[in-house]
Structure formats: structure tokens, C-alpha cells
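Trainee: The amino acid sequence is not available; the structure is as follows:
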RNA sequence: GUGGGUGUAGCUCAGUUGGCAGAGCACCGGGUUGUGGCCCCGGUUGUCGUGGGUUCAAUUCCCAUCACUCACC
């Protein structure tokens, strides 16, 4: 059911364009996936997401399992009908959240025991359990349970987390296969921190497990951008060329351009949506902090020439007013603009790769920010 | 009219046994990378109600006065 095909490659870089076929539709890559952790891309309806160009969105196992709970989503046959989004959905396994949100996470070979950040209740998440939950959510792409390590970390800590993540990946794959042929895809996640030897070994041995696709985890966890890019540059070519490659949790527009150049196909990041709610707008010339006093009487849209709903109808002065007044509309309009910017950026990259002009695209992208 | 209370940053209020005036919020910048509309980091702001007195020094002690406020008549 799940298929991926590379349809164009850039000659001056590793950038490539492809098509991913999922149970709920096709996705053109490279792609940016808006994050809808709790079954909603915050402040937007699915119709608006569609209109702004979203092809696939993210949901989160950890969050949805804790609230509203699988039995609620079961009644709808999965997340799609529950949230009224009939396009593709990728669910994160919850590994990252257990370590970033939950209290008292304890890792054992069997799985991870943690306390809910919602009500303090105790839970255990195992690789098999993570797959079982994602089956019930009925996502198009499931992710393996893994262990993410902050930066910096010592080599022993990295080694242990990578070993655990690999073992869990193997068990996730077995659990996935044990149910017979599935319309759901499963991606493996490469860990190993910023240690080159560990990363390379992790990428190679995970690549042998024949997942539907592969992800780089544990990036953008506090390391300098150059180190993140170096780590991705080292790891991406070591993963099977015919499979989609997903860099998790990244990143800024600059990060995305640099990672596409290094062969990445998929991204997700909270930056466009979260920063929208915090008043930061992304434009081709850089970021714009809408609360700044210089926009108080500015009648121009956030970005001149931008085709998004927000820029076609509203001024910086009005958006500033809405944001400072904490009006709900501020979150919606800012989110619409930022997602439009990110999705449009990826659209432009796909076109450039297909026309084999990715280098030209990069040049124009950089020049716009230098003005 | 009588008695009491309160006047300190834009707002709500600390404080000083007399020694360069503080907090929270607001405001102004910055941050945010597999999401808690959260949070974090910097910064600006004062005739200390007014006028006198005592003192080397008063926002602080004393006197007067004004404003607001409460109780009683």
C-alpha cells in the first residue's frame, strides 16, 4: 500500500523530489508536515489546512493516548474521522514526549515508565504498545518508539540510548509485521547524538531492517546549526536511497533548505505554528516580530506580495493590535501566514528540483534575506 | 461637622529603626526546532500628594495643607 518513488534529482546537490503514496493519498516530497499534536493543528480547521497547502499532518501518540484516550478514537475508527481530516497523517510514537514532558521517565529494556504531565498518573510505554496505539489511531505512517537524548550528552549516555532505540525499533518492526500486511507504514528512527561513529553505525544497521522510511531523531536539541547539518549530511546518504528520509523536529526555513540540499524528504516542526502564537512571523526576508512598536501604524501586510489569506486582507498594525490584545483571531491569522510560508517554501523547492534549478533556488532564497 | 485610614512607576502595592527608591503586571527589546495559546532572558519608567520645619542628610520624624476614602452626626 505504502510506496515511495524519487522522480527528480538535483545535479548540484543531493536534493531530490518524490511522491509518497499512503492509504489516505499522495504526498509530493520534499514536504513539510504541520504539527497537530492533539488532533488539531492549533487554531485551524482541516479546510483551512487544505487551503494553505498542507498535504500531510502530524498527530502524537503520547498526547492522544493520554487524552482523549484510544477508546474515544476507536469509536470513529481512527484519527482521520475523529478530527475530520481525510488526508495522510503521520503519528509520532511518543518517545520524544515521554522524555520532554512526562515526569520521572524511567527507561528499562522492556519500555519506558513515566508519569502523565496531565494528571500525574503512571503509564508504561513499550515498543509493542506504541505500535498498538498507532494502529488504533490508524495513522498512515507510524513511528518507532525511540529514546531521544538532549545535547550535550556524554558518549556512554548516547551509546545506551542508541542501543535501546535500535532494540525498540526491531521490536516495533516485529510487532508491525506480526499483524500481516498493513496499510500503515512504519518508519525507523536513527539516534546517536552528534557522535559521527555512533550515528553512522546506527544509520547502517537500522537501514538493514527494511522499514517503510527512515527518520533522523535527536537533532535540533540544542546543538549549533552547523553540527546539526554535519550530522544530517553524514547520516542521510547512509540510509536506503529508495526510502523516504525524514528529519524530525526541524526546523527554521534555513535549516529546511540546507537539509533538502543534503537529501532530506520530510520535515515537521512546531516553529511556524508555535511562533505564530507567540507573534513571530516568517517572511522571505527573515522573521518579523509583530509586537514591535515600529508596526503600530504600519498599513502594509506582513509580507508584500504574499498570497496568503492574512497578507491579502490584514495589516501589520491590525495584527499587532490583535496580538497585544490577545484576540483569538491573532493566533489564527498568524498561523495561516506562517504555514503558508513554510508550505510554499517547500513547494518552491519541489519545483526547483524538478526543473533541476535547486542551486538557483538557494541563491534566490539567500539573496532575499540579505536585502 | 467630628473621628479614623490612604496618597510611592502607566496600574496594584511593598519599603526605609533617617544614608543613591523596590516588586508584580503593563510597556520596550530578544529567545522559542518529533507544541501546554505556555515559558524564559534582558531593558525603560518616579518632583515618594503639596508647602514648611528639624537634620550633615527627609520618601521616612514634626507641623500645616490638599485629594480620595470609611464610620458617626
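Mentor: Sure, I can see it. As the structure is a prediction and not an experimental result, all values here were calculated from the model.

Trainee: Any idea what residue A:26 is bridged to?
Mentor: residue A:21 (DSSP bridges).

Trainee: quick one: contacts for it?
Mentor: Taking CB atoms under 8 Å, 6 or more residues apart in numbering, we find residue A:26 in contact with A:19, A:20, A:55. The C-beta positions use only the backbone N, C-alpha and C, and glycine is treated the same way.

Trainee: one more time with 10 Å, if that's ok
Mentor: A:3, A:19, A:20, A:55, A:56, A:87, A:88 (CB atoms under 10 Å, 6 or more residues apart in numbering).

Trainee: Do you know the pLDDT at it?
Mentor: Residue A:26 is assigned a predicted lDDT (pLDDT) of 98.

Trainee: from memory residue A:234 sits against residue A:196, does it?
Mentor: Yes. Between residue A:234 and residue A:196 a contact is recorded at 5.8 Å, counting by CB atoms under 10 Å.

Trainee: Neighbour count: the two, which is higher?
Mentor: Set residue A:234 next to residue A:196 and count neighbours by other CB atoms under 10 Å: residue A:234 wins out with 17 against 13.

Trainee: Which of the helices or strands spans that one?
Mentor: Under the criterion of DSSP states H and E, residue A:234 resides in helix A:225-235.

Trainee: do residue A:58 as well
Mentor: Following DSSP H and E, one finds residue A:58 within strand A:57-60.

Trainee: Averaged pLDDT, the next helix-or-strand element following that strand. What do you get?
Mentor: Using DSSP H and E, the helix or strand that follows strand A:57-60 in sequence is helix A:61-66. Regarding helix A:61-66, the rounded mean pLDDT is 93.

Trainee: next one: stretch A:165-175
Mentor: 97.

Trainee: Buried ones in that stretch, by neighbour count?
Mentor: The neighbour-count check on stretch A:165-175 (16 or more other CB atoms under 10 Å) flags A:165, A:166, A:168, A:169, A:170, A:171, A:172, A:173, A:175 as buried.

Trainee: Could you point out which residue ranges in the stretch 251-371 of chain A have low pLDDT?
Mentor: Applying pLDDT under 70 to the stretch 251-371 of chain A flags no residue at all.

Trainee: How about the residues of it by RNA strand B?
Mentor: Within the stretch 251-371 of chain A, the positions near RNA strand B by CB under 7 Å from any atom of the strand are A:251-252, A:255, A:268-271, A:273-275, A:277-280, A:287, A:289, A:291-294, A:296, A:324, A:326, A:328, A:331.

Trainee: Among those, name the ones in helices.
Mentor: A:255, A:271, A:273, A:274, A:275, A:277, A:324, A:328, A:331 (DSSP state H).

Trainee: List, one by one, the residues from the stretch 51-200 of chain A near RNA strand B.
Mentor: Taking CB under 7 Å from any atom of the strand as the criterion, the neighbours of RNA strand B within the stretch 51-200 of chain A are A:58, A:60, A:63, A:92-93, A:95-97, A:100-101, A:117-118, A:143, A:146, A:148, A:189, A:191.

Trainee: Name the nearest residue to residue A:1, ignoring sequence neighbours.
Mentor: Of all residues not flanking residue A:1 in the chain, residue A:183 sits nearest, at 4.3 Å (CB to CB, 6 or more residues apart in numbering).

Trainee: So that neighbour: helix, strand or coil?
Mentor: Three-state call for residue A:183 (DSSP: H, G, I helix; E, B strand; the rest coil): coil.

Trainee: Now do the contacts for it.
Mentor: Residue A:183 is in contact with A:1, A:2, A:22, A:23, A:24, A:138, A:140, counting by CB under 10 Å, 6+ apart.

Trainee: Just to check, the fourth one is in contact with residue A:56?
Mentor: I take that to be residue A:23. No. Residue A:23 is beyond contact range of residue A:56, at 11.5 Å (criterion: CB under 10 Å).

Trainee: Who has more neighbours out of these two?
Mentor: Applying other CB under 10 Å to residue A:23 and residue A:56 shows that residue A:56 carries more neighbours, namely 25 against 17.

Trainee: Which pLDDT value does the model give residue A:103?
Mentor: The predicted local confidence for residue A:103 is 68.

Trainee: give me the element residue A:205 is part of.
Mentor: Residue A:205 belongs to helix A:196-207, assigned by DSSP H and E.

Trainee: Now the element after that helix, going C-ward?
Mentor: As assigned by DSSP H and E, the chain's next helix or strand after helix A:196-207 is strand A:213-216.

Trainee: Going by contacts, tell me the helices and strands next to that next one.
Mentor: Strand A:213-216 sits against strand A:89-92, strand A:141-143, strand A:185-190, helix A:196-207, helix A:225-235, strand A:245-247, strand A:266-268, with contacts defined as 3 or more CB pairs under 10 Å, 6 or more residues apart in numbering; DSSP states H and E.

Trainee: What strands line up against that strand, and which way round?
Mentor: strand A:185-190 (parallel), strand A:245-247 (parallel).

Trainee: Check the contacts of residue A:26 and tell me the two furthest apart.
Mentor: Spanning the widest gap among these are A:3 and A:87, at 16.6 Å by CB to CB.

Trainee: how about stretch A:5-16: buried residues?
Mentor: Residues of stretch A:5-16 classed as buried: A:8, A:9, A:10, A:13, A:14, A:15, A:16 (neighbour count, 16+ other CB under 10 Å).

Trainee: one step back: which of residue A:3 and residue A:87 has more neighbours?
Mentor: residue A:87 (18 against 12).

Trainee: and the closest residue to RNA strand B within the stretch 51-200 of chain A, how many neighbours?
Mentor: Across the stretch 51-200 of chain A, the shortest distance to RNA strand B (CB to the nearest atom of the strand) belongs to residue A:148, at 2.9 Å. A count of nearby residues for residue A:148, using other CB under 10 Å, gives 21.
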